[in-house]
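J.: Below are the sequence and a predicted model for it; my questions follow.
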Amino acid sequence: MTTDIKRVGILAHPQRPQTAPVAEQIARYLESHNIHTCVHTQWEENDVVQDVQATEMVIAIGGDGAMLRAARVCAPFGVPVLGVNMGQLGFLTEISSADSWQAPLEAILRGEYWIEARMMLYAALVRGDVVVTAGDALNDVVISRGIAARTIRLETYIDKDWTTTYNADALIVATATGSTAYALACGGPILPPELRNILIVPVAPHLTMDRPIVLAEGSTVDVISAPDNLNEIVLTVDGTMLGEVNPGDTIRIQASQHVSRFIRLREKNYFYRSLLDRLEPRLPVRSRPDKKQL
């Protein structure tokens with residue numbers, strides 16, 4: 001078996017202990033083929049940067065959350081990610097289960113794979129003229145209310161022109177990848193992953209614009225927290241807290257300079273079949289609990 005891959009990073013899911021033994025199994029297999037590995041089972045994104053940038057490939061073990069975290073770490077260095085599913089949906093992963101990784105990995109080491117590139121978003125929280133915090137997202141950037149069950153007002157500008165003021169629970173700004181995540185649950189359209197568009201979807205809008213908007217890649221979205229917002233507002237990227245938003249703050253969102261890369265073995269038209277398999281009912285039929293348990 002010959003391969004150009006000499007060093008592989010393996011990232012197990014830090015909150016799923018059952019992924020650690022699988023990471024070790026894969027590492028032993030790769031080491032037996034003279035491929036150096038670095039394994040992390042408990043890690044934060046900043047902890048693994050140095051190891052990741054020295055690899056030709058990273059294997060992420062878990063579900064879509066593990067893939068999102070790995071993608072954010074790997075994208076700045078152009079390192080592709082291979083996903084092994086040990087989560088629920090595993091929509092971004094390529095290997096379907098923890099006991100079926102060897103044959104796909106053998107194919108990859110023979111060079112029988114292709115690289116899928118996906119657009120990311122860059123979000124910056126601006127207070128006055130200062131960028132308070134910033135980060136990249138593969139799925140989405142979400143501006144949402146906190147615990148209080150009150151809507152928030154978000155003045156939204158596209159390419160510096162006022163578009164609308166949303167009165168809603170949240171506003172989702174997503175990539176094509178994120179169009180099948182939170183945005184889909186809120187009535188957004190499904191975009192194939194190769195599209196480089198920006199999608200805006202309000203969450204539970206009240207007496208305001210309620211239609212999704214699809215923008216070109218080069219667009220810039222500025223969302224200003226209205227001065228009369230009284231309740232807590234939070235900014236998240238891919239479900240991870242980025243910062244708290246004060247009245248008058250601006251969240252600036254645009255295409256990131258980084259691109260996520262994924263290792264694929266399936267045909268290039270895999271997306272719709274994979275999507276429909278997950279949208280169709282998957283849960284087994286459950287019998288009604290005994291009345292005494294109700």
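T.: Yep, it's here. Numbers count the residues shown, from 1 in each chain.
J.: As PDB, could you dump the C-alpha coordinates of the helix or strand containing Leu171?
T.: Per DSSP states H and E, Leu171 falls inside strand 170-174. Below are the C-alpha coordinates for strand 170-174, written out as PDB (Å, rounded to 0.1, in the frame of the first residue of the first chain):
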ATOM      1  CA  ALA A 170     -33.200  35.000  16.500                       C
ATOM      2  CA  LEU A 171     -31.600  35.500  13.100                       C
ATOM      3  CA  ILE A 172     -29.700  32.800  11.400                       C
ATOM      4  CA  VAL A 173     -27.000  33.600   8.800                       C
ATOM      5  CA  ALA A 174     -25.900  30.400   7.200                       C
END
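J.: Which elements pack onto it?
T.: strand 114-127, strand 140-145, strand 152-158, helix 182-185, strand 198-203, strand 220-225 (3 or more Cβ pairs under 8 Å, 6 or more residues apart in numbering; DSSP states H and E). Quick note: C-beta positions are derived from backbone N, CA and C, even for glycine.
J.: do you know which of the ones you listed lies nearest Leu30?
T.: Leu30 lies closest to strand 114-127 among those, at 19.1 Å (Cβ to Cβ).
J.: what's the next secondary structure element after the closest one?
T.: strand 130-137.
J.: Count the neighbours of Arg278 for me.
T.: 13 (other Cβ atoms under 10 Å).
J.: Confirm for me that His206 is in contact with Asn167.
T.: Yes: His206 is within contact range of Asn167, at 5.1 Å (criterion: Cβ atoms under 8 Å).
J.: Looking only at neighbour counts, state which of these two leads.
T.: A count of neighbours by other Cβ under 10 Å puts Asn167 above the other of His206 and Asn167, at 17 against 11.
J.: and that one, what pLDDT?
T.: On the pLDDT scale, Asn167 is placed at 97.
J.: and the host helix or strand of it, what other elements does it pack with?
T.: Assigning secondary structure by DSSP H and E places Asn167 in strand 161-168. The contact analysis (3+ Cβ pairs under 8 Å, 6+ apart) places strand 161-168 against strand 152-158, strand 198-203.
J.: Point out the most buried one among the ones you listed.
T.: Greatest average neighbour count among the helices and strands packed on strand 161-168 goes to strand 198-203 (a mean of 24), per mean count of other Cβ atoms under 10 Å.
J.: can you tell me which residues contact Val126?
T.: With contact set as Cβ atoms under 8 Å, 6 or more residues apart in numbering, Val126 has these partners: Val132, Asp249, Thr250, Ile251, Arg252.
J.: correction: Ala20
T.: Ala12, Thr41.
J.: And for Leu199?
T.: Contacts of Leu199 by Cβ under 8 Å, 6+ apart are 172-176, 178-179, 183, 188-189, 191, 212-215.
J.: Let me know the closest of these to Ile152.
T.: Closest to Ile152, out of all of these and judged by Cβ to Cβ, is Ile172, at 13.2 Å.
J.: hang on, that closest one packs against Asp140?
T.: Yes: at 5.3 Å, Ile172 counts as touching Asp140 under the criterion of Cβ under 8 Å.
J.: residues shared between the contacts of these two?
T.: Common neighbours of Ile172 and Asp140 (Cβ under 8 Å, 6+ apart) are Gly178, Tyr182, Ala183.
J.: Can you report how many residues lie near the second one?
T.: Pointing back at Tyr182 there. 21.
J.: Surely it touches Leu171?
T.: No: look at Tyr182 against Leu171 with Cβ under 8 Å: they stay out of range, at 11.0 Å.
J.: Pull up the overlap in contacts between these two.
T.: Val142.
J.: Please name the residues that touch His40.
T.: Counting by Cβ under 8 Å, 6+ apart, His40 makes contact with Gly9, Ile10, Leu11, Ala12, Asp47, Val48, Asp51.
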